[in-house]
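# Fold the following and give me the result.
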Amino acid sequence: MSDKTLRYLVATVIALLLIHQVGTLIAGAFGAAWGALSALAVMAVSFLSARMARAGGKRSFWFILPTLLFTVLPIAYVIWSTLALETSWVDRLMGLAPFAFGFAAPLVLLLVVYYELRSRTRYS
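Numbers count the residues shown, from 1 in each chain. Next up is the predicted model:
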């Protein structure tokens, strides 16, 4: 596979992780209907941002904006809600572990891979 194809696959996986996480958080807080609507909204914003990024050239901020928005807000919400519980620190860490290992860490690793692939295709 070419670096460009790998970059598209990584971008797709990042978008799917974001859609799933935001939909799950909203569904847990407000119900399944709002979770589905928020997942559609995240998908629409990600799609439009990707189109704007393609139109904006190689140094476009449009791809990063939804990723930061839909990453920072869920991370802040999960950490805040977990730390607000009246439990021990071990229970709080156990509550954050699935989120950290199932969403935050894979997303950070995929972003690192995406930028490395993007810099390779930019200079070749």
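
# Distance check, Val108 against Ala44.
24 Å (CB to CB, to the nearest Å). The C-beta positions use only the backbone N, C-alpha and C, and glycine is treated the same way.

# tell me what whichever strand or helix holds Gln21 is packed against?
Taking DSSP states H and E as the criterion, Gln21 maps to helix 3-30. Applying 3 or more CB pairs under 8 Å, 6 or more residues apart in numbering; DSSP states H and E, we find helix 3-30 packed against helix 32-56, helix 64-83, helix 105-123.

# Can you check which of these gets nearest to Leu17?
Between Leu17 and the helices and strands packed on helix 3-30, the shortest gap by CB to CB is with helix 105-123, which sits at 5.5 Å.

# The closest one - contacts with which helices or strands?
Here helix 105-123 touches helix 3-30, going by 3+ CB pairs under 8 Å, 6+ apart.

# Relative to the whole chain's centre, how far out is the helix it packs on?
5 Å (CA atoms, centre = their mean, to the nearest Å).

# Which parts of that helix count as buried, going by neighbours?
Across helix 3-30, burial judged by 16 or more other CB atoms under 10 Å covers 6-7, 10-11, 14-15, 17-19, 21-27.

# got the angle between that helix and helix 64-83?
When axes from the mean of the first three to the mean of the last three CA atoms, to 10 degrees is applied, the directions of helix 3-30 and helix 64-83 differ by 40 degrees.

# Run the angle between helix 3-30 and helix 32-56 for me.
Going by the same axes, to 10 degrees, helix 3-30 makes 150 degrees with helix 32-56.
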